[in-house]
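S.K.: generate coordinates for the sequence data below:
(chains A and B, ligands or ions: 1)
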Amino acid sequence: MTNEWKDISKDEFIFEFESLDTVYHTQISHQVRLLSNSAGAPRLFFSEIETPVCADGVCQLAHINVYWDLLGNYVGYGISPEFQLTKFEHEQFGKEDYIKLHQLLLDDNSILKRRKVSDLIDEAPVATSTIDSEVIDGISGATKTEIAESLVKGGLYSCYTIWHLVHGEAQEKMEKYLTSISSDTLMHYFLYAPYNDYQMFALRELPKEDFKEHATQILNIFRTADGVGKAYILKKIPSDILSEKEITSQFYNEFSLIDVNSRTLLINRLKSAHPDAIEILSNYLDRMTRNQLKLYLKCLNSDPNFISKNCLSNLKKASKNTGFTYHYLLREFLNKI
Amino acid sequence: MKTLKLILFICITSFYTNSVAQDVLIEAESFVDKGGWVVDPQFVEQMGSPYLMAHGMGVPVENAITNVNFKEKGKYHVWARTKNWAPGNWDAPGQFKISVNGKVLKNTLGLTSGWTWEYAGKVNIESNEVEIQLSDLTGFNGRCDAIYFSQSKKMPTEAETNLASWRKAKLGETTIPEQQKSYDLVIVGGGLAGCAAAISAAEQGLNVALIHDRPVLGGNASDEIRVHTLGIYGKFERILKMIDTEHYPNGSYKAKYDQERRDKNVKSYKNIDLFLDWRAYDAISENNAIKYVDARNTATGERIRFKAPRFVDSTGDGWIGFWAGAEFSYGRESSKTYGEAWDKWGELWSPEEGDDFVMGASVLWQNEKTNEVHDFPELPWAADVAKEHKAIAGEWQWEFSRNDLHQIDDAEEIRDHMLRAIYGSFANAKKLDENKNYKLEWVSYLVGKRESRRLIGDYIYTFNDVKNLTKFEDAVVEEKRAVDVHYQINLKDSEEPDFLSEALFYKGPKYYIPYRSLYSKNISNLFMAGRNFSCSHIGLGGPRVMLTTGQMGAAVGIAAAICEKYNVTPREVYTKHLQEYLEVIEKQQ
Ligand SMILES: Cc1cc2nc3c(=O)[nH]c(=O)nc-3n(C[C@H](O)[C@H](O)[C@H](O)COP(=O)(O)OP(=O)(O)OC[C@H]3O[C@@H](n4cnc5c(N)ncnc54)[C@H](O)[C@@H]3O)c2cc1C
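M.R.: Residues are numbered from 1 along each chain as shown, chains lettered A, B, ... in the order given. Have a look, this model is predicted:
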């Protein structure tokens, strides 16, 4: 999030959350503040955190300012120059260590979530089948390396403590808080903001009847979203909108540019698209997997009228393209029609 | 070398020419000496038969050899049913040749996309005893399903006839297997669930048949796939300790020690008849009850009809239920179907609209660091999948699923995709000087599956039962391991290879699985144990690990004994004999 930082002019306390100090096992309270821009629109959550971290037995205080977006996703942190983070034997974090910490915090599915800090310093191989193992599909050399690689060397406690602060109770409270301030304006901002998580959140909230009004933006989102986002849009977009000639053309012309799973979904939705879609896809036959091609041909089979002149010529061309692995399926198909 | 008995010599009369042509069909898997070729029975339902595969990890394997009795001497045209398993603008990876009585036939095979007959060449047969050899040329998974000798030049295209009935006719096979056997309980699938079911039923005094399509037991836990067992023992520690595995890394060669123990323990039961290398291919039901399960030896083609009052489906893929007409589900339900949404993970966890995405299948592999330099070739047919990815070993994250690929129907394509990922990533890693001493030590050719059909029982187990800690009155399985479901990481980041996955976890305290999820809702004498038990997609996330599935098996074995004692159905164990059933389970500890 690059621009949000620039225009913050309001800062209000909204709630507190607690974290467990890993050393003394006492609860520590932290304040979360909502940062809003000059127009009064909420933009970020923020917390100045102070917590003890134990660098291999020696306890230090860590000072760190954490920022979350409005969905409670961690977005960044700040450290003041006089309170550098430290690792083993009071050595200060270096530049690389700060970068690594940021990467670790970005990983909301980190293995740290499922491990007790004591598990991480255990040198002996862990887990027999009788232990309630939380490592999926096995504890192994690879997993151990996975943990080591995601941590700052010598900074196990800092990493562990800060990760759990950032991804713990605070996030749940932010989610709840967002519900309380949710509004049409905010959802509009989410839908048009350049952030995938915001866009997806807004799309989930968007009533189907409003898809039409935002069709252009939804197409923009489709183009830039990851595979999960694309799939979501292709499943959710109402048939009466997808079937509009222009919209069909825009979505189906993306075929060669998008991931393989979204392509399957485009083919799956041929029936609710404008008939032009059939012809558009005939330009991309050699991009289809075997099953996609079979699905497409099944659709052609269901109504011979679907096979326009152009479409037929594309089918013939692809059937002769020996560089296309599945050209033989097209040959079989053409022999039958 | 013994002459192959199964080969039949058949005269077919062509309507059109009225001429008589002689032909001989040889199933490759029935070669007497398989040399270095392996029998692959994993995709029988899709392509009609087990086949022979040259799984040499890049080193051509020893020839497979067999002798066949020809009644008629003369000139024959020879075809092999084969396929180019990685077609594209490069040399096919799995090439081989056929030789007949020492003469190498002209054409190289394994070059055409999709299973089909390829022409090998012409040969003059001058004696009745004919020796046939398959010579692998590449060591990269060439495959041969069948060889067909014909005096006619006509290609035996399956498009013209139905392949299955063509095959039956050529081999002179009757519809009903001639051999029949009766048991108190027939269990199909010897993964941990099937093994545990066999042991517990046998201990209760039942005569049991355990039919398993591999030479060794354990399914994913076996030395052939090498996944270690996770989960808790529940009430069945003694039984499960006979068949479980240690926690070496997935893929470790040490799996073989547990393999020996597992096989020995199951074999030690006198009332378990073990049918290793037998694959069930049908289940015949009448009035919603299974009467028979038919199975075939994966090498000889010999068949047996198994009769029993009750059956256990522990095939993982729910085959017995599927053939018998049991209700089943596949794919991800909509998050609303059972209320399984988890906002934090959204669509990755449970989609608003159901779909065919499931957790993927894996092929595990390992290397060996040696004292010498080992070369590994550049493989354009593998680079296409592996791209820039480098690796010298695989772990559970090597997993493949795609929404146009079905984990059963397209399992061969999935396995082959993984082979390309493995060979390609290893080839990339080998380009680095630091890896010059690495040698591929082991690549499984069996695809380890996590999820496919789930048979529907009286109760469908869901994520809510984990979250709500539902303590069922008929709880027979208990588990503490976190629930996890996987997604392909390229869904989040298209730069990532498509064969790696990531897990999402839910950690709670103990959860329980009810007996009602372990028998079919509509097939009155069918139990299921293992990953095909009655659950939702997310419901499978926790209990799919092998000690949990083993508990299911053990619980089902005991239920079968209660059925036998009172001559009742699996459902009636719940409605009429639950107390007694639970008491027997309690005594197991
Ligand atoms: C790579 C990988 C990693 C995993 N990690 C773990 C882990 O660390 N720990 C863990 O406990 N679980 C793990 N799992 C999950 C676990 O292995 C499976 O969920 C489990 O094996 C399911 O057990 P099952 O007995 O139902 O099926 P399977 O183990 O699949 O066994 C079924 C057997 O039936 C046989 N069969 C199928 N059809 C027929 C037929 N028609 N006739 C005869 N035989 C047939 C098959 O050959 C197979 O061996 C992993 C899975 C994979 C793939």
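S.K.: low-confidence stretches in the chain?
M.R.: Defaulting to chain A. For chain A, the stretches flagged by pLDDT under 70 are A:21-25, A:55-58, A:89, A:118-146.
S.K.: my bad, chain B
M.R.: B:1-21, B:159-161.
S.K.: that one: helices as residue ranges?
M.R.: Using DSSP state H, the helices of chain B run over B:44-47, B:163-171, B:192-203, B:237-241, B:255-267, B:319-324, B:335-338, B:346-349, B:380-386, B:411-430, B:463-467, B:546-566, B:570-576, B:578-587.
S.K.: right, is the third one up against the ligand?
M.R.: Which is helix B:192-203. Yes. Shown here: helix B:192-203 in contact with the ligand (C-beta under 6 Å from any ligand atom) through B:192, B:193, B:194. (C-beta placed from N, C-alpha, C; glycine too.)
S.K.: output these as a markdown table; include the columns distance to residue B:563.
M.R.: Below are the residues of helix B:192-203 next to the ligand laid out as a markdown table (distance: C-beta to C-beta, whole Å):
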| residue | distance to residue B:563 |
| --- | --- |
| B:192 | 22 |
| B:193 | 18 |
| B:194 | 18 |
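S.K.: picking that back up, which of the helices of chain B is buried the deepest?
M.R.: Greatest average neighbour count among these goes to helix B:192-203 (a mean of 30), per mean count of other C-beta atoms under 10 Å in any protein chain shown.
S.K.: that helix vs chain A: in contact?
M.R.: No. Helix B:192-203 is not in contact with chain A by C-beta under 8 Å from any C-beta of the partner chain; minimum separation 11.5 Å.
S.K.: next, the angle helix B:578-587 makes with that helix.
M.R.: Counting by axes from the mean of the first three to the mean of the last three C-alpha atoms, to 10 degrees, helix B:192-203 lies at 100 degrees to helix B:578-587.
S.K.: packing partners of helix B:192-203?
M.R.: Contact here means 3 or more C-beta pairs under 8 Å, 6 or more residues apart in numbering or on different chains; DSSP states H and E; on that basis helix B:192-203 packs against strand B:185-188, strand B:208-212, helix B:237-241, helix B:255-267, strand B:272-276, helix B:546-566.
S.K.: tell me how many other residues surround the closest residue to residue A:307 other than its chain neighbours.
M.R.: Nearest residue to residue A:307, sequence neighbours excluded (C-beta to C-beta, 6 or more residues apart in numbering or on different chains): residue A:300, at 5.7 Å. Neighbourhood size, residue A:300 [other C-beta atoms under 10 Å in any protein chain shown]: 20.
S.K.: what do you get for residue A:3?
M.R.: 10.
S.K.: report the separation between it and the ligand.
M.R.: With distances taken as C-beta to the nearest ligand atom, to the nearest Å, residue A:3 is found 44 Å from the ligand.
S.K.: how close does that residue get to residue A:99?
M.R.: According to C-beta to C-beta, to the nearest Å, residue A:3 and residue A:99 sit 22 Å apart.
S.K.: spatially nearest residue to residue B:552 (excluding sequence neighbours)?
M.R.: Distance criterion C-beta to C-beta, 6+ apart; nearest residue to residue B:552, sequence neighbours excluded, is residue B:529 at 3.9 Å.
S.K.: around the ligand, pick out the residues from the stretch 301-450 of chain B.
M.R.: Within the stretch 301-450 of chain B, the residues that sit near the ligand (C-beta under 6 Å from any ligand atom) are B:314, B:315, B:316, B:317, B:319, B:362, B:364, B:396, B:448, B:449, B:450.
S.K.: which of the residues you listed tops the neighbour count?
M.R.: residue B:314 (34 neighbours).
S.K.: ok so, going back, residues in contact with the residue nearest to residue B:552?
M.R.: By C-beta atoms under 8 Å, 6 or more residues apart in numbering or on different chains, the contact list for residue B:529 reads B:193-194, B:196-197, B:312-314, B:518, B:549, B:552-553, B:555-556.
S.K.: what do you get for residue A:326?
M.R.: Listed by C-beta under 8 Å, 6+ apart, the contact set of residue A:326 reads A:288, A:289, A:290, A:293, B:113.
S.K.: between these, which sits nearest the ligand?
M.R.: Among the contacts of residue A:326, residue A:289 lies closest to the ligand (C-beta to the nearest ligand atom), at 22.4 Å.
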